[in-house]
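> Just need the structure, nothing else, for what follows:
(chains A and B)
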2 protein chains.
Amino acid sequence: MGDRMQKFSRNQRIAAVTKILLENPNKIMGLNNFTEMFNTAKSTVSEDIVVVKDTLNKLDMGKINTVSGAAGGIKYVCGMSNEKKREFAEKLCIILKDRERIIPGNFLYMTDIMFNPKIIYTAGLILASIFIEKDIDYVVTVETKGIPLAYEVARMLGVQLVVVRRETKFTEGSTLTINYVSGSTGRIQNMSLSKKALKKGSKCIFIDDFMKAGGTAKGIVDLLKEFESELLGIGILIDNIGIANKLVEDYVSLVDFKGIDESGNAILFPSKMFN
Amino acid sequence: MGDRMQKFSRNQRIAAVTKILLENPNKIMGLNNFTEMFNTAKSTVSEDIVVVKDTLNKLDMGKINTVSGAAGGIKYVCGMSNEKKREFAEKLCIILKDRERIIPGNFLYMTDIMFNPKIIYTAGLILASIFIEKDIDYVVTVETKGIPLAYEVARMLGVQLVVVRRETKFTEGSTLTINYVSGSTGRIQNMSLSKKALKKGSKCIFIDDFMKAGGTAKGIVDLLKEFESELLGIGILIDNIGIANKLVEDYVSLVDFKGIDESGNAILFPSKMFN
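Alright, predicted model coming up:
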C-alpha cells in the first residue's frame, strides 16, 4: 500500500495520536504503535505526546500517564474538572425534576436518561475517574437499565463488563444462581451469572442506575464471594436517600433523590461527592 | 477563573479540538465553542480543524463534515478503512471459533464478546458507519445482550437508544405490549415498550447481537408500527445463516455463522459486506 511512507506533520501526528489514545482508554500503548504508523523516530513521537499531555492537563480533560518497563508505553486516563462534574450533576437534577417524570407509585421515569448516550458517556466518565486508581478486573452490573452506564465505565477503565441476569439463560452455559432479599420490598429474588463470566480471584466494582435499600448491591457481594472474587467499590447514578438504612456502606452516587414533596416536586441534588 | 485568557499553541488547540469532536460523534458543534475556549479568532480555529480533517482523511479514520447555515458548524463522523473493518471481522471469527465456546445444544457462548468494550466499540463503529447517511432518530434493541452494541451505535450516531423489554416494568409508566412469533422456535413471545420511549413518526434502526430466523426483528417492525414509526435498517453482529428463510429481508451483519461441523468446529466467516 505504501501507506507507511506517507509523511505526517507534527500537527497531523498530534491529531492522530489524540484520537488513538482516546479510543483506547486506560490501555497501555507502546510508542512503536506510533513510530510505525508515522514512520518517524521515537523521540519525535515522544514530543508529540508531551503536547497532548500538556493540553489535557491545561484543560483538565484527563491525563496521559507514562508506564515504564518492558510492557511500558503511554495511556490515556479519563478525567474531568470538578467544576464540570458538578455542572453535569446539577443539569441532571434539572432534567430529572421535570414533573412529567413522576409516574404512578411516585416513581421517577428515568429510562430515557439511562439510554441517552450523551448523558451516559459523561456519567460513565465521572464514575470511572473515581475508580481509576484501583486495579479492577471487571465492572459488574445487573440487567437492564444500568447496562449502558456500566459498559461506559468498563470502557473507560479498559476492562470487561459482566452483566448479572435475573433469570438463567441456556445461551450462558452453566450458571451460578443466588437468592437475595430486596431491601425495599423484602421479597426474595434471584440473580444468575455464567460460570464462564468471571475468573476466580477477581477484583470488581458494581455499577447501577439506582439504589434503594442496597439489596441488589449486597446480593452482588454474595454472588462475587461464590466466584471467590471481591467487590472493591460501588458506583450509582441516583441514590434514593429517602431510604435511610442501606444494606451496603461504601458507595458513591452522582445524584441524591429524596422522594416527592407535598407539592408534587421531586427532591434532587448533586451528591455529597461534589461538596 | 481567568481560564479564558490562557494561551494555546496550534498544536495544543489541535489536540483539544480532536478530543472534543471525538467525544461528540455526529453532533454539530458551532465554531464559537472553540473560539471561546481558546480565546482566538474563527479563522484560526478553522485552520486547526482543516488539520484534523486532513489527518482523519489521510488515515481513513472518519471524517469532519461542515454543516452550513444558522445552526451550522462541524461534526465528527465515525469511520474506518475497509481493510481495518475486514481485519476486525476476521479476528472476531477467530475468537468465536474457540472450541470452548460450544455449549450444550450447539450454541456458541458469546456473552463475553457482547460485553467486551474493546470489541463492541469497533463493532458499533462499523455498524454506525453503515447507517450514518440515514437521518435516524433512535437506535432500537431488545434486552439484554445487544444493549452495549446498540448503545455504541446510538452514541456514534448521536441519537437516543431505546431498549424494548421482555416484560412490563412498573418503572416504565404506561407500556405498549405486542406478541410476536419466534421464527426459530415457533413460540409466541412478548415485547413491551414504554409509551414515553418513542415519539410518533420516528425513523429507527434495529441493532441486535444475533439473528436466527429474524422473528425478533419482525416483531420490532410491528412494534414500531404501533408507535407510527418506521424501521430504516437492521444491523446484526452475528447472523446464523444456517437458518435459510429469514422473516426480514434487508439487514446487514458483520459475521456469518453456519453451525457446527462434524468435527465440532464452529463455521464462521466475515459477512458478504466485506467482499
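> Return the residues of the stretch 151-275 of chain A in contact with chain B.
Proximity of the stretch 151-275 of chain A to chain B (CB under 8 Å from any CB of the partner chain) is limited to residues A:151-152, A:154-155, A:158-163, A:165, A:170-173, A:194, A:196-197. (C-beta placed from N, C-alpha, C; glycine too.)
> Show me these that map onto strands.
Applying DSSP state E to those, the entries found in strands are A:160-163, A:194.
> quick revisit: which of the residues of the stretch 151-275 of chain A next to chain B are buried? Put it as a ChimeraX command.
Applied in ChimeraX, the following selects the buried portion of these according to 16 or more other CB atoms under 10 Å in any protein chain shown:
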select /A:151,152,154,155,158,159,160,161,162,163,165,171,172,173,194,196,197
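> Can you add pLDDT and give the ones in strands among the residues of the stretch 151-275 of chain A next to chain B back as CSV?
Listed next are these as CSV, based on pLDDT from 0 to 100:
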residue, pLDDT
A:160, 98
A:161, 98
A:162, 98
A:163, 97
A:194, 94
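> which of those residues lies closest to chain B?
Proximity of these to chain B was ranked by CB to the nearest CB; the top entry is residue A:161 with 4.0 Å.
> pretty sure the closest one is in contact with residue B:115, am I right?
Yes. Using CB atoms under 8 Å, residue A:161 is in contact with residue B:115, at 4.0 Å.
> centre of the chain versus stretch A:68-80, how much separation?
Chain-centre distance of stretch A:68-80: 18 Å, with CA atoms, centre = their mean, to the nearest Å.
> any bit of that stretch sitting next to chain B?
No. Under the criterion of CB under 8 Å from any CB, chain B is not reached by stretch A:68-80; the shortest gap measures 9.3 Å.
> May I see the buried residues of that stretch?
Residues of stretch A:68-80 classed as buried by neighbour count (16+ other CB under 10 Å): A:73-80.
> Next: stretch A:170-185.
So for stretch A:170-185, counting by 16+ other CB under 10 Å, buried means A:171-173, A:175-176, A:178, A:180, A:182-183.
> so how far is the first residue of it from its last?
29 Å (CA to CA, to the nearest Å).
> Quick one: mean pLDDT for that stretch?
Stretch A:170-185 shows an average pLDDT of 88 in the prediction.
> all helices for chain A, in order.
With DSSP state H as the criterion, chain A has helices at A:10-22, A:32-38, A:42-59, A:82-96, A:111-114, A:117-131, A:147-157, A:215-226.
> pull the CA atoms of the longest one into PDB?
Spelled out, that is helix A:42-59. The C-alpha coordinates for helix A:42-59 follow below in PDB (Å, rounded to 0.1, in the frame of the first residue of the first chain):
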ATOM      1  CA  LYS A  42      10.700   7.600  19.000                       C
ATOM      2  CA  SER A  43      11.900  11.000  20.100                       C
ATOM      3  CA  THR A  44       9.600  12.700  17.700                       C
ATOM      4  CA  VAL A  45       6.600  10.800  18.900                       C
ATOM      5  CA  SER A  46       7.600  11.500  22.500                       C
ATOM      6  CA  GLU A  47       7.500  15.200  21.800                       C
ATOM      7  CA  ASP A  48       4.100  14.800  20.100                       C
ATOM      8  CA  ILE A  49       2.800  13.000  23.200                       C
ATOM      9  CA  VAL A  50       4.100  15.800  25.500                       C
ATOM     10  CA  VAL A  51       1.900  18.300  23.600                       C
ATOM     11  CA  VAL A  52      -1.200  16.100  24.100                       C
ATOM     12  CA  LYS A  53      -0.400  15.500  27.700                       C
ATOM     13  CA  ASP A  54       0.100  19.200  28.400                       C
ATOM     14  CA  THR A  55      -3.100  20.100  26.600                       C
ATOM     15  CA  LEU A  56      -5.200  17.600  28.700                       C
ATOM     16  CA  ASN A  57      -3.600  18.900  31.900                       C
ATOM     17  CA  LYS A  58      -4.100  22.500  31.000                       C
ATOM     18  CA  LEU A  59      -7.800  21.900  30.200                       C
END
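> And it, how far out from the chain middle?
26 Å.
> who touches the residue nearest to residue A:151 when sequence neighbours are not counted in this structure?
Distance criterion CB to CB, 6 or more residues apart in numbering or on different chains; nearest residue to residue A:151, sequence neighbours excluded, is residue B:148 at 4.3 Å. By CB atoms under 8 Å, 6 or more residues apart in numbering or on different chains, the residues touching residue B:148 are A:147-148, A:151, A:161, B:114-115, B:117, B:120.
> Relative to residue B:256, which of the residues you listed is nearest.
Among the contacts of residue B:148, residue B:114 lies closest to residue B:256 (CB to CB), at 17.0 Å.
> so what's the residue lying closest to the closest one once chain neighbours are set aside up against?
Leaving aside its sequence neighbours, residue B:114 sits nearest to residue B:145 (CB to CB, 6+ apart; 4.6 Å). Contact analysis of residue B:145 by CB under 8 Å, 6+ apart lists A:171, B:110-111, B:114-115, B:209-210.
> that older thread, just name the closest of the ones in strands among the residues of the stretch 151-275 of chain A next to chain B to residue A:270, please.
Nearest to residue A:270 among those, with distances taken as CB to CB, is residue A:161, at 26.2 Å.
> ok, what's across the strand from that closest one?
residue A:139 (DSSP bridges).
> how much space is there between it and residue B:168?
Distance of residue A:161 to residue B:168, given as CB to CB, to the nearest Å: 26 Å.
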